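> Below are the sequence and a predicted model; questions follow.
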Amino acid sequence: MLLDVRSLEAGYGPSQVLFGPSFSIREGEVVTLLGRNGMGKTTTVRCLSGLLKPMRGEIWFNGKRIDGAPPHAIAHAGLGLVPEGRRIFANLSVRENLQMAGIRRPDRRDPWSFERVLDFFPRLSERLSNGGNQLSGGEQQMLAIGRALMTNPHLLVLDEATEGLAPIIRQQIWAKLEALKATGLAMIVIDKELDALVRFADRHFVVEKGEIVWRGDSAALEADQNVQDAYLGV
C-alpha cells in the first residue's frame, strides 16, 4: 500500500474538523476526495503534507509513518503537493520556482528534470524569466504542477486542480493529468468538476463533516444519484 490513513483526527485550536477518516491508496492509483466546501478535504491534505499536525490517528506512506513530520521531510519521502490557490512564489521567476523544488531520486529510471517539465508544459518554457505574479491563472497552475513534479513524487496531491480556470484551460489540465496517470503516478485529486473526476479517477471518497460517508469506484458513484444529491450537490 502506498498511502494508508488511519482514523485521522485534526483541527484548528479548539475546533475539530476531521473525525476519524480512514482510507488507503495503492501504487499507480488515482483517487478523489469529494464533498462540499468546509467538509475537511483541505484539512486532510494539510495533514498529509505536514502543514498540520493531526491530533490523533496515523498516516503511513511508503511503509513509513509520516504524521507529524515536517513538510520538507514528507516532500523528500515522495509526496508532492499542488496546493489550493497554487501558492507559487510570486517574487521568483518560473525558472527559479522550478529549480528550487528539485529533488533527485537515484532509483527513478525516468526522473522529472527541469528539461522534462518544460517538455511537458511547453508554455512554461516561454515564460522562464517571468515572475510568478506575471503569469495567467492557467500558467500558474502549470507551474504549480511542474514544481511538484520536480520533487519526483511517488504520490501527487492536487487540491482544487482546476479551480478558477477557463474551460479550455481546464481541459488542458485534465489532459495533462491523464498523461501523468498513464506514467503510473499515483494521485489524490480534489476538484468540483465531477464529470471529469468520474472519467479520470479509479476510486472516490466522499467526505462529510470530517468523516468518509461513501467510497467506491466511478461506476458506482455515477449510478448513485442519492449520494450525488446528498453530499455533492450545490
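Received the coordinates, thanks.

> Every contact and neighbour count from this point should use C-alpha atoms.
OK.

> Any idea how many residues pack against Gly138?
Residues lying near Gly138 (other Cα atoms under 10 Å) number 20.

> Tell me if it really is in a strand.
No: going by DSSP: H, G, I helix; E, B strand; the rest coil, the assignment for Gly138 is helix, not a strand.

> so what's it up against?
165-166, 169 (Cα atoms under 8 Å, 6 or more residues apart in numbering).

> Please flag which of these sit within helices.
Residues from the contacts of Gly138 lying in helices, with DSSP state H as the criterion: Ile169.

> Closest one to Gly35 out of the contacts of Gly138, please.
Lowest distance from Gly35 to the contacts of Gly138 (Cα to Cα) belongs to Leu165, with 19.7 Å.

> if we can go back for a sec, next, format the contacts of Gly138 as JSON lines and append pLDDT and distance to Trp112.
Output for the contacts of Gly138, formatted as JSON lines (pLDDT from 0 to 100; distance: Cα to Cα, whole Å):
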{"residue": "Leu165", "pLDDT": "89", "distance to Trp112": "25"}
{"residue": "Ala166", "pLDDT": "91", "distance to Trp112": "27"}
{"residue": "Ile169", "pLDDT": "92", "distance to Trp112": "23"}
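
> Please pick the buried ones from the contacts of Gly138.
Buried subset of the contacts of Gly138 (neighbour count, 16 or more other Cα atoms under 10 Å): 165, 169.

> So which of the contacts of Gly138 is the closest to Ala90?
Looking across the contacts of Gly138 and measuring by Cα to Cα, the closest to Ala90 is Leu165, at 18.3 Å.

> show me what contacts the closest one?
Leu165 touches 137-138, counting by Cα under 8 Å, 6+ apart.

> Where does Leu18 sit: helix, strand or coil?
strand.

> Quick check on the spatially closest residue to it that is not a sequence neighbour: phi, psi?
Nearest residue to Leu18, sequence neighbours excluded (Cα to Cα, 6 or more residues apart in numbering): Gly210, at 4.0 Å. Here is the backbone geometry of Gly210 (degrees, to the nearest 10): phi 80, psi 10.

> Determine how far stretch 173-185 lies from the middle of the whole chain.
Centre-to-centre, stretch 173-185 and its host chain are 13 Å apart (Cα atoms, centre = their mean, to the nearest Å).

> Buried ones in that stretch, by neighbour count?
If you call a residue buried by 16+ other Cα under 10 Å, then stretch 173-185 has these buried ones: 173-174, 176-177, 180-181, 185.

> contacts for it?
27-30, 142, 154-156, 161-162, 187, 196, 200.
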